[in-house]
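Colleague: starting from these lines, generate the structure:
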Amino acid sequence: MDEKALFLKFWDREAPATRKVISRIPQDRSDYRADPKARNAREIAWLMVREEILLADGLEKGVFDWVEVPAPDGVKEILDTYDRHHPDVTKRLHALDTSRWERQVPFMYQGQEIMSDTGFASAWGFLFDLIHHRGQLSTYLRPMGSTVPAIYGPSADESM
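Modeller: All right, here's what the predicted structure looks like:
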């Protein structure tokens, strides 16, 4: 299995759990944050959605240009954006020529290059960051009065 196929295998495997975690955010508690320095639940979910979109855009354009976009007020809008973009992002990633994954792709923020790595390394980094934030968000669910879905195995909330 080549590196692109391996990445896309894990990309496809992680998506259902990501969607489930976002879908469990209760709207009336979506401003919950574990600490004053932490992002709230909506902001974390929105970050995850935006990272997916940026991954495909950046690999296609040859530069990741991160722009802060405030999270929508509604969890439904975040989930709808995920549902609308994830299949397209996945299709675009599958269609990208391997040369796009192999070249250096700078990551820009506010006009400054923060880092530069191959498309493959960046893609793995994005996926690991999505998984990290999904885990962070999953720890918010119970304090918000929701339940934690199965992610890598059964959840105590779904096994009862």
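
Colleague: middle-most residue in this protein, spatially?
Modeller: Met48 (2.9 Å; Cα atoms, centre = their mean).

Colleague: was I right to think that one contacts Thr18?
Modeller: Yes. Here Met48 reaches Thr18: they are 6.5 Å apart, a contact under Cβ atoms under 8 Å. For glycine as for every other residue, the C-beta is placed from the backbone atoms N, C-alpha and C.

Colleague: now the common contact residues for the two.
Modeller: Tyr82, Leu130, Arg134 (Cβ atoms under 8 Å, 6 or more residues apart in numbering).

Colleague: give me the buried subset of these.
Modeller: The neighbour count (16 or more other Cβ atoms under 10 Å) marks Tyr82, Leu130, Arg134 as buried among the shared contacts of Met48 and Thr18.

Colleague: residue contacts, the last one?
Modeller: It stands for Arg134. If a contact means Cβ under 8 Å, 6+ apart, then Arg134 has Glu14, Ala17, Thr18, Val21, Met48, Ile151 as its contacts.

Colleague: hmm, which of these are the buried ones?
Modeller: The buried subset of the contacts of Arg134 (16+ other Cβ under 10 Å) comprises Glu14, Ala17, Thr18, Val21, Met48, Ile151.

Colleague: adding distance to Glu102 and secondary structure, write these out as JSON lines.
Modeller: Formatted as JSON lines, the buried ones among the contacts of Arg134 follow (distance: Cβ to Cβ, whole Å; DSSP: H, G, I helix; E, B strand; the rest coil):
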{"residue": "Glu14", "distance to Glu102": "23", "secondary structure": "helix"}
{"residue": "Ala17", "distance to Glu102": "29", "secondary structure": "helix"}
{"residue": "Thr18", "distance to Glu102": "26", "secondary structure": "helix"}
{"residue": "Val21", "distance to Glu102": "32", "secondary structure": "helix"}
{"residue": "Met48", "distance to Glu102": "26", "secondary structure": "helix"}
{"residue": "Ile151", "distance to Glu102": "31", "secondary structure": "coil"}
